[in-house]
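[1] sequence and predicted structure, then a few things I'm wondering about:
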Amino acid sequence: MKAVKNIIRITLLLIALISTQHMEAQKRSGKESNRAKEQRSYDYKPNHRQGDRYRTQPIRRNPHYRYPQHRRVVRTLHHNHLRFVFGGLSYFYYSGVYYTAYGNEYLVVVPPRGFRVAVLPVGHVRIMVGPVPYFYHSGIYYVESNDVNSNEQYEITQPPIGAVITDISEDADQIIMDGNVLYEYNDVFYKRIDNENGSPTYKVVYSKNNNDY
């Protein structure tokens, strides 16, 4: 009888020992699995898309891509503005800038060629193109009128090809035409040319009503 009890006791001890070893093995396996997961997580995060976060891609534009046209709109005009009608349309003028009505506001526009003014705007620049003097202000070109019977001595004209200005409006759009970087303002295309001192100048090379370029 004692022998049977001893056998049962030994059997239970063996079962308990095996269970304990199995549980410890599972714990070790779980810890190793967690360490592996932690290691994978650690390795993954710094390497995920590494080097791409701040990478910039070149934007490939159509060779004749044009930036959106800048349209300046004002709510009110200066009280000293002038109003005139040309070609059946009403225009407003003040300090060298021309406007048309745009709903309840006013839109800056290119004035009609052929329109004449009595006085050039303050700050205009005199430009010689060959033997002909031109006057430039805010993207608009003027020439002296040949009409001796008119008090309006200056006429808005076609931008002369070859005219060079020293400054261009910040509203000018940069475009690419036939591989050349040009600047467009008021439907006139300019090419940047640095002078002898290294300062930039802008030469008229094309306008919508002139295809000399």
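    Yes, it's here.
[2] now do the end-to-end distance for stretch 142-151.
    One end of stretch 142-151 sits 15 Å from the other (CA to CA, to the nearest Å).
[3] immediately after the lowest-mean-pLDDT helix or strand in the chain, which helix or strand?
    Ranking every helix and strand in the chain by mean pLDDT, DSSP states H and E puts helix 2-47 at the bottom, with a mean of 52. Toward the C-terminal end, the helix or strand that comes next after helix 2-47 (DSSP states H and E) is strand 73-74.
[4] give me the sheet partners of that following strand and which way each runs.
    Using DSSP bridges, the strands paired with strand 73-74 are strand 105-109 (antiparallel).
[5] list the buried residues in the strand it pairs with.
    Across strand 105-109, burial judged by 16 or more other CB atoms under 10 Å covers Tyr106, Val108, Val109. (Glycine included, C-beta is placed from N, CA and C.)
[6] save those as CSV, and put in distance to Asp173 too.
    Output for these, formatted as CSV (distance: CB to CB, whole Å):
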residue, distance to Asp173
Tyr106, 22
Val108, 15
Val109, 16
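[7] number of nearby residues for the nearest residue to Asn104 once chain neighbours are set aside?
    Computed as CB to CB, 6 or more residues apart in numbering, the closest residue to Asn104 that is not its neighbour in sequence is Arg75, at 7.7 Å. Residues lying near Arg75 (other CB atoms under 10 Å) number 7.
[8] ok, now which ones touch Arg75?
    Asn104, Glu105, Tyr106 (CB atoms under 8 Å, 6 or more residues apart in numbering).
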